[in-house]
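Enquirer: Based on what follows, work out the 3D shape:
(3 chains)
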Amino acid sequence: MTVPAPRAEQALATVPPGAPLLEVEGLTVKLGVEGAQRAVLRDVSLRIRAGEAVGLVGESGSGKSMTARAIDRLLPRGAEVDGRITYDGGDVMSLSGAAMRRYRDQVAMIFQDPRAHVNPVRRVGDFMTEALRTNLGVPPAEAARRAADMLGQVGIADGRRRLRQYPHELSGGMLQRVMIAAALLTEPKLLLADEPTTALDVTTQAEVMAILDDLRREFGLAMLFITHDLELAAAICDRTAVMYAGQIVEVRQSGLLHDDPLHPYTAALAAARPDIAQTAPRLAAIPGRPLSAFEAPVGECAFAPRCPHVRDICRAETPELIGLDGGLSRCARAIELRGQLTVGHGHDGNSDG
Amino acid sequence: MSVAPAQQRAGDAAPLVTVRAPRGGRTAVGLLRGTGAAGIASAIVIAIATVVAVIGSLIAPFSPTLPNLAVAFVGPTGSHLLGFDAEGRDVLSRLLAGATTSMLGPLAVVVGSLLAGTLLAVIAAWRRGLVDAVIGSGLDILFAFPGILLAVLAAAVFGAGLPAASISLAIAYMPYVARVLRGAALKERSQPYVAALEVQGASATTICLRHIVPNIMPLIVAQATILFGYAMVDLAAISFIGLGVQPPAPNWGVMISENQVGIPQGYPLPALAAGGCIVAVVIAFNVLGERLFEQAQARP
Amino acid sequence: MRLAFVARRLAMLVASLLVASFVIFGALYLAPGNPVAALSGGRSLPPSSLHVLEARYHLNQPFLAQYWYWLENAVHGNLGISIVLKENVSTLIGSRIWTTAGLVLYASLIILVLGIGMGIVAGLKPGLLDTSALVTSAISAAIPSFVAAIALIALFAVKLRWFPALGNGTDFLSNVRHLTLPAFALALSSLAIVARVTRSAIREEADREHVQTAVSRGIPRRQLVRRHILRNAAIPITTVSGITIASLIAVAAVVETAFSLNGLGAYLVTSAQDKDLAVVQGISLVLVTAFVVINLAVDLAYAVLDPRVALGSRAA
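Expert: The predicted model follows:
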């Protein structure tokens, strides 16, 4: 029963309505690497609605961080950007001056390594209130009060004292909470969280994730949550996008991603994560290594060299994103492979012999 | 259970298991090639200077020491490519002859400070703890004496001359060398292979001499090169102010001092020529030294 | 915590000075011959003068006692008598110290203003004359002060006649004129080094992640540069500048000699040649003290600028 694949637009129309807060269309980014311009993002399209949490999952080199940086206008000098990024209806790429500052107040980024991302020679209070005082003209005393309150919200007691401390006096986990609190102070509508817990130990990870999730819901913020951990994204995001070699290869309801993936890469990612409840003679791994956009073959499916389901059709041309079951997939054989992509990691816990 | 044979032979240096300790690494040629075009050019300049230092007096076309006041400060003519100096001596010949002391002094300084500095650094790194702290504090205190000052003091006490000046500078540079090498030696010391060698019963001296020092050798060589440049500048300065090599012995620093009188009279060439030699060689050592230093740091 | 750091550095300063003064004093005994011969610089003196020397230096007492007396005197400003000029060493120093201080100050100003200034400009604007600037700075860094001195004299004093070649001035303005070429000669190589370090420090800071954070919050460029790049780069820049300026003290002697300036350094050199040991000791003590004090100031500045420094030395 072959049904012509509905176009991506129509597929997204099956999701609950609401004008998107952030819309990325056809984003292609090239960076100057050793003299040549190399593509790091290829035709990336994304939509985030107000209050919605979208996960962005991928391995290193997939372009997930680069996407966030492009959205936050943090790309390095000399980067070539094509495509469109729209926030609240307005074009982001052409912003400058006061409008740009307002945008930056509205879109807050939380970075991966808090210790590297906080200025070590300035006090915590200075760090937290800098944007408030500079861009929003909030008087210092008032800014400090708000900062201390927000510290309480992220679970740091005795905020006033903490504001006077220096970053090196705080642990990694606390510093990341400070970073989250600081991001929330300018009352943003969109949070870009770039692997916020990767640099922390597992226990602290759970704490920080909980705080992030709680506060996001409480303030009704949209979030783009970047991680290499599929399960982590599924835990707090409504929808998750999977990236490979600078392209989006799947977008899906988070709950369905693990059990009913639409792309072989997603299935492989899910299978590669060791399950603590099972024993296996060998860890499942994807043969080969993850490629960046400029290393991947052009004119064919970027995952073809490593895919266990590859056929000739995969090498014929770069697959488009097609809509399927409420999600999107960039697999040329997506419809064929429906339901077959979870081999090797079944519910009954059978491990391969 | 009987004690394993390895433990019985604790004092024996022959290892039971071959520990592949990383060797000091690349050959001199390899190191040199890694410094790029600038590094190689500098090495050539240094090589030329060294050769001249050795045979300078022999290849000088005219006498570097015989004065002839009648031709004092006469400009370049014929075979006297750089003219005559304040005492009527051929400038080129004097420059060639002067290379010897100009290069020898710094060599002594570098050798002296490196030997002492490496020794102290390795001891401090090996023993760590109190010994390290004491050596560290001692060196910190020695930093209080700038090289030139020590050399002047030595000249006042022992009389002016190259030996006194060289020894003073070696003493003054030693803490600097020790500090730089101590860090590297400490890192080397905490490498797993050192622990493995210790467990196998290798003595401290063996480990230090046969493993640690060769592994920090690229850094030592880089340090030596950079230091040579500094020593050359300082020694030339000391000779310039009259407390190093004494005139009429040929020496680039001395030549600048001798010929300074010519400048207001409109004869800057002799002094500037000597200055140029110093600058050229110092630049070569600086450039090569920095490149070698980068290489030494870059290695894992 | 910070107090402990300051206390520790002060203790190191006192220890350094003690050891240095010990070495300076001990030089008397290292000299060939007996101390009297060293003090008289090999000159033959009438017995009355010899007695004065013996009493003054307590030469009949044990070594450490002599050291103690000498040190006590020194701290009170009594540095002995010059054998050559037959005057109090402290007076002789006093009349010359302003020339040296002026020279070092002038050179320091050049290094700080021009060196750091050029470094900041080069650091903030990538690609601005990069290669040529690097080459120029590499060459300048290698030019010793006395070579720079004669080159500057040859060009600016003899050929162009913009500045006087030698000697001190008479009043303040002419002093400045006379000190200009010497100050530049003294500052040249340090200038290049400081400019280069400043440039690297600024470049490094500008690439740091915490600057990205500030950018992502929309902090205006000027404030970003001031509060995050310059403020952080100030740490290595201050350290290098401080060390460089401290090193000027010794090299000033060479420059003063080259320009026939009547400063402490030149006097130190002539005294060494004349073997006027009391003067050598006195001036050495003054110079070493200045050197150590400046180094201490650098350490303290570093602690102020970098809150991560609680205890311990500068080396990270």
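
Enquirer: Going by C-alpha atoms from here, please, whenever you check contacts or count neighbours.
Expert: Will do.

Enquirer: which helix is the longest one in chain A?
Expert: helix A:202-219 (DSSP state H).

Enquirer: The helix or strand following that helix pairs with which strands?
Expert: The C-terminal neighbour of helix A:202-219 among helices and strands, as given by DSSP states H and E, is strand A:222-227. Strands that pair with strand A:222-227, judged by DSSP bridges, come out as strand A:53-57 (parallel), strand A:190-194 (parallel).

Enquirer: and of the ones you listed, who's closest to A:Val251?
Expert: strand A:53-57 (9.0 Å; CA to CA).

Enquirer: In this structure C:Gly115 contacts C:Ser189, no?
Expert: No. The pair C:Gly115 / C:Ser189 is not scored as a contact, 10.2 Å apart, by CA atoms under 8 Å.

Enquirer: Between these two, tell me which one has more neighbours.
Expert: C:Gly115 (25 against 22; other CA atoms under 10 Å in any protein chain shown).

Enquirer: what's the distance between the one helix or strand B:Thr206 maps to and the middle of its chain?
Expert: Applying DSSP H and E as the criterion places B:Thr206 in helix B:204-207. Taking CA atoms, centre = their mean, to the nearest Å, one finds helix B:204-207 lying 26 Å from the centre of the chain it belongs to.

Enquirer: Next up, the contacts around B:Phe143.
Expert: B:172, B:175-176 (CA atoms under 8 Å, 6 or more residues apart in numbering or on different chains).

Enquirer: which SSE is residue 100 in?
Expert: Went with chain A since none was named. Using DSSP H and E, A:Met100 falls in helix A:97-106.

Enquirer: try chain B instead
Expert: helix B:91-127.

Enquirer: if we take the contacts of B:Phe143, which one ends up nearest to chain A?
Expert: B:Tyr176 (28.5 Å; CA to the nearest CA).

Enquirer: Which secondary structure elements does the helix holding B:Thr100 sit against?
Expert: Applying 3 or more CA pairs under 8 Å, 6 or more residues apart in numbering or on different chains; DSSP states H and E, one finds that helix B:91-127 contacts helix B:36-59, helix B:129-142, helix B:162-189, helix B:217-240, helix B:252-259.

Enquirer: make it 10 Å
Expert: Packing partners of helix B:91-127 (3 or more CA pairs under 10 Å, 6 or more residues apart in numbering or on different chains; DSSP states H and E): helix B:36-59, helix B:129-142, helix B:162-189, helix B:204-207, helix B:213-215, helix B:217-240, helix B:252-259, helix B:269-298.

Enquirer: Surely A:Pro319 and A:Ile313 touch.
Expert: Yes. Using CA atoms under 10 Å, A:Pro319 is in contact with A:Ile313, at 9.3 Å.

Enquirer: hang on, the earlier thing: okay if I get the helices and strands packed on helix B:91-127 as CSV plus mean pLDDT, distance to chain A and mean neighbour count?
Expert: Formatted as CSV, the helices and strands packed on helix B:91-127 follow (pLDDT from 0 to 100; distance: least, CA to the nearest CA, whole Å; neighbours: other CA atoms under 10 Å in any protein chain shown):
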stretch, mean pLDDT, distance to chain A, mean neighbour count
helix B:36-59, 88, 18, 17
helix B:129-142, 84, 26, 16
helix B:162-189, 90, 24, 22
helix B:204-207, 82, 37, 14
helix B:213-215, 86, 32, 19
helix B:217-240, 92, 28, 24
helix B:252-259, 92, 45, 26
helix B:269-298, 89, 19, 22
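
Enquirer: Give me whichever of the strands paired with strand A:222-227 is most buried.
Expert: Of all the strands paired with strand A:222-227, strand A:53-57 carries the top mean neighbour count, a mean of 29, counting by mean count of other CA atoms under 10 Å in any protein chain shown.

Enquirer: Now do the next helix or strand after it: which elements does it pack against?
Expert: Next helix or strand after strand A:53-57 toward the C-terminus (DSSP H and E): helix A:64-71. Identification of packing neighbours for helix A:64-71 by 3+ CA pairs under 10 Å, 6+ apart yields strand A:20-33, strand A:36-49, strand A:53-57, strand A:80-87, strand A:107-110, strand A:190-194, strand A:222-227, strand A:239-244.

Enquirer: which of those is buried the deepest?
Expert: Among those, strand A:53-57 has the highest mean neighbour count (mean count of other CA under 10 Å), at a mean of 29.

Enquirer: Can I get it in CSV, CA atoms only?
Expert: In CSV, the C-alpha atoms belonging to strand A:53-57 read as follows (Å, rounded to 0.1, in the frame of the first residue of the first chain):
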residue,chain,number,x,y,z
ALA,A,53,10.7,22.0,24.6
VAL,A,54,12.5,20.6,21.6
GLY,A,55,15.5,18.3,21.9
LEU,A,56,18.4,18.3,19.4
VAL,A,57,20.4,15.1,19.6
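
Enquirer: Any idea which of the helices and strands packed on helix A:64-71 gets closest to B:Asn251?
Expert: strand A:20-33 (51.1 Å).

Enquirer: The closest one packs against which elements?
Expert: strand A:36-49, helix A:64-71, strand A:80-87, strand A:90-91, strand A:222-227, strand A:247-253.

Enquirer: One more pass at 6 Å, please.
Expert: For strand A:20-33, the packing partners by 3 or more CA pairs under 6 Å, 6 or more residues apart in numbering or on different chains; DSSP states H and E come out as strand A:36-49, strand A:80-87.

Enquirer: Would you mind stating the distance between the residue nearest the centre of chain A and chain B?
Expert: Among the residues of chain A, the one closest to the centroid is A:Ile226, at 2.5 Å (CA atoms, centre = their mean). Using CA to the nearest CA, to the nearest Å, we find A:Ile226 at a distance of 32 Å from chain B.

Enquirer: contacting residues for that residue?
Expert: Contact analysis of A:Ile226 by CA atoms under 6 Å, 6 or more residues apart in numbering or on different chains lists A:55-57, A:193-195.

Enquirer: ok, B:Gly117 to B:Met217 distance?
Expert: According to CA to CA, to the nearest Å, B:Gly117 and B:Met217 sit 13 Å apart.

Enquirer: How about A:Ala70?
Expert: Distance from A:Ala70 to B:Met217, by CA to CA: 46 Å.

Enquirer: again with A:Ala79
Expert: Taken as CA to CA, the span from A:Ala79 to B:Met217 is 42 Å.

Enquirer: what does C:Leu305 give?
Expert: From C:Leu305 to B:Met217 the distance is 35 Å (CA to CA).

Enquirer: on that earlier part again, could you check the angle strand A:53-57 makes with the longest helix of chain A?
Expert: 140 degrees (axes from the mean of the first three to the mean of the last three CA atoms, to 10 degrees).

Enquirer: can you pull the buried residues of helix A:202-219?
Expert: Neighbour-count burial for helix A:202-219, counted by 16 or more other CA atoms under 10 Å in any protein chain shown, picks out A:204-205, A:208-209, A:211-213, A:215-216.

Enquirer: what's the answer for stretch B:72-79, then?
Expert: B:72-75.

Enquirer: Likewise for stretch B:258-265?
Expert: Buried, per 16+ other CA under 10 Å, within stretch B:258-265: B:258-260, B:262-263.

Enquirer: now swap in stretch B:79-99 and tell me
Expert: Quick answer for stretch B:79-99 (16+ other CA under 10 Å): B:80, B:82-99.

Enquirer: And the contacts of it?
Expert: B:53, B:56-57, B:60, B:62, B:64, B:67-69, B:71-76, B:250-252, B:259, B:270.

Enquirer: end to end, how far does it reach?
Expert: Start-to-end, stretch B:79-99 (CA to CA) is 20 Å.

Enquirer: So for chain C, the centremost residue is which one?
Expert: Nearest to chain C centroid, counting by CA atoms, centre = their mean: C:Ile249, 2.6 Å.

Enquirer: any idea of the angle whichever strand or helix holds that residue forms with helix B:217-240?
Expert: Here C:Ile249 sits within helix C:231-258, counting by DSSP H and E. If you take the same axes, to 10 degrees, helix C:231-258 sits at 40 degrees to helix B:217-240.

Enquirer: and the direction of helix C:231-258 versus that of helix B:252-259, what angle?
Expert: Using the same axes, to 10 degrees: helix C:231-258 against helix B:252-259 is 50 degrees.
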